[in-house]
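Novice: Pasting the sequence and the predicted coordinates here, then a few questions.
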Amino acid sequence: MLRRTKILATLGPATDDPEVMDKLIEAGLDVVRINFSHGVPDDHRKRVEMLRDRAQAHGRQIGVLVDLQGPKIRIEKFKNEKIQLEEGDKFVLDGNLGTNDGNQERVGIAYKALPNDVERGDTLLLDDGRIVFWVESVQGAEIHCNVIVGGTLSDRKGINLQGGGLSAPALTTKDRNDIKLAAELKADYMAVSFPRTAEDMHEARRLLREAGGYAGLVSKIERAEALDVLEDIIKASDAVMVARGDLGVEIGDAELPAVQKHIIQMSRDLNRVVITATQMMESMIYNPIPTRAEVFDVANAVMDGTDAVMLSAETAAGKYPDKAVAAMDRVCREAEKQRKVRVSDHRISSKFERIDEGIAMAAMYTANHLDVTAIAALTESGATALWMSRISSDRPIYALTPHVETRRKVTLFRGVYPINFKPESSNHAQVNRDAIDELTRRGAVREGDLVIITKGDLMGVGGGSNAMKVVRVGDMVEV
């Protein structure tokens, strides 16, 4: 059984050995994430180059997602690297303090506008919510706080405002430079951190296109205020990431499960790809097997319809990167056996605005109600395969395309598998035969199987799919 849910794994020091990369690919890797929050451009170039070299050696297409750092609201450093805070302590976040001058009473802040964004009564959460401050007053560049939840506070920990509302722009100067690097690397996807509005995504797309990049845009939903304009942000994106770290800190952990399900459902309803991320198998940074809670977490995301599940430090810096991918693969496959994952009423009563979308929906309805073995979607841009992948099904969708950019892009689509296919003839009957021959050669279908073929009358024209045909392997007789 082919796994439909895609596995996205972050590259880092733990994956820099080609042998480790080979193991990740063999374990089931589909897409890699390059985290621009860490490392320098040459690190990223080397990792992408090695990934594409090893993927080619394995005969695989593996997508590349680059992740912009975005605005990082952090404290600065302490003279002695860390301090211990107790409940009831007074503490000051001081915008005028030197970068390395933090002490037991105060510490500097990297984001100098923070005092303008908070007021008495606000709650600040540091180090992913492990430490909690209540704002007593704001005096110029100083935020005077009471410690509500104490603990060890060390250098450069992040700051979140409970409920959201920080004014930092989504795209920093670093991000604007990194967008040029994304274009240079020919990234397939580019994730935008902390977008507040659809305009943030539009601006990122404009800058990427100006730099010559063709990547799909991924909006990382991690600000509380993004939930107020969620539909607009999703429509401005090609894909959505449920970034549960900062989002969970801002809205509270108890609200996060329902919000995750809502984001996944809305993304699918709007025909966008959706990724579930953050701490999915975090215990595997140090352990060779996941916890039961992590197994449930991954399985629930799969059953909710996520396109991809993501590994972060588990692969970038963990002790068992290939085992983390293998564990995720194992859990996804089992979750996909559940009936609710294989049936769909997606847009069953909707009207379609485009012919190629109607063809995609008809193909999947037929596949789910006829004993079809596979769907062969001849595609230029991948749009038809994307629409098909919104329908829950256990039928594999093969995206047959001559374009390497399209083959890499569909690696993130649930249930879609890329195949390099360039028809030698413009004769439609011959193209059908060639497509079936390619699937047969790869072992995807065999004599007597039913296959759905979708394509356009005008070969080589994007968005032109206007035909669907059901054929039987071996006789090519229309059913």
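Specialist: Arrived safely.

Novice: Quick check: mean pLDDT of stretch 277-285?
Specialist: Stretch 277-285 carries an average pLDDT of 97.

Novice: Kindly apply the preceding question to stretch 203-223 instead.
Specialist: In the prediction, stretch 203-223 has an average pLDDT of 97.

Novice: Which parts of that stretch count as buried, going by neighbours?
Specialist: For stretch 203-223, burial by neighbour count (16 or more other Cβ atoms under 10 Å) applies to 203-205, 207-208, 213, 215-223. From N, CA and C alone the C-beta is placed, and that goes for glycine too.

Novice: for those, which one is nearest Gln162?
Specialist: The nearest member of those to Gln162, counting by Cβ to Cβ, is Arg223 at 12.0 Å.

Novice: For that closest one, which residues are in contact?
Specialist: Gly164, Leu166, Phe194, Pro195, Arg196, Asp246, Leu247, Glu250 (Cβ atoms under 8 Å, 6 or more residues apart in numbering).

Novice: So Leu2, which state does it fall into?
Specialist: coil (DSSP: H, G, I helix; E, B strand; the rest coil).

Novice: check contacts around the spatially closest residue to it that is not a sequence neighbour.
Specialist: Spatially, and ignoring its direct neighbours in sequence, Leu2 is nearest to Pro396 (5.2 Å; Cβ to Cβ, 6 or more residues apart in numbering). For Pro396, the contact set (Cβ under 8 Å, 6+ apart) comprises Leu2, Arg4, Ala374, Ile375, Gly415, Tyr417, Ala444.

Novice: same deal with Pro290?
Specialist: Met281, Ser283, Met284, Val298, Ala324, Ala327, Val331.

Novice: Repeat that for Gly358.
Specialist: Counting by Cβ under 8 Å, 6+ apart, Gly358 touches Phe352.

Novice: isn't there a strand covering it?
Specialist: No: judged by three-state DSSP, Gly358 forms no part of a strand; its state is helix.

Novice: For stretch 138-157, give the mean pLDDT please.
Specialist: Here the average pLDDT along stretch 138-157 is 97.

Novice: ditto for stretch 189-198
Specialist: For stretch 189-198, the per-residue pLDDT averages 97.

Novice: Let's see the distance spanning it from one end to the other.
Specialist: 17 Å (Cα to Cα, to the nearest Å).

Novice: Okay, and which of the contacts of Arg223 map to helices?
Specialist: Among the contacts of Arg223, the residues falling in helices (DSSP state H) are Asp246, Leu247, Glu250.

Novice: Dump these into a markdown table; add neighbour count, pLDDT and distance to Gly456 as well.
Specialist: What follows is the ones in helices among the contacts of Arg223, written out as a markdown table (neighbours: other Cβ atoms under 10 Å; pLDDT from 0 to 100; distance: Cβ to Cβ, whole Å):
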| residue | neighbour count | pLDDT | distance to Gly456 |
| --- | --- | --- | --- |
| Asp246 | 24 | 92 | 42 |
| Leu247 | 27 | 94 | 40 |
| Glu250 | 24 | 92 | 45 |
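
Novice: now those residues in CSV, with distance to Val118?
Specialist: Below are the ones in helices among the contacts of Arg223 laid out as CSV (distance: Cβ to Cβ, whole Å):
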residue, distance to Val118
Asp246, 17
Leu247, 19
Glu250, 13
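
Novice: What is the nearest of the residues you listed to Ser312?
Specialist: Nearest to Ser312 among the ones in helices among the contacts of Arg223, with distances taken as Cβ to Cβ, is Asp246, at 12.8 Å.

Novice: list the contacts for the closest residue to that closest one other than its chain neighbours?
Specialist: Once flanking residues are discounted, Asp246 sits nearest to Glu222: 4.0 Å by Cβ to Cβ, 6+ apart. Going by Cβ under 8 Å, 6+ apart, Glu222 touches Ser193, Phe194, Ala243, Gly245, Asp246, Leu247, Glu250.
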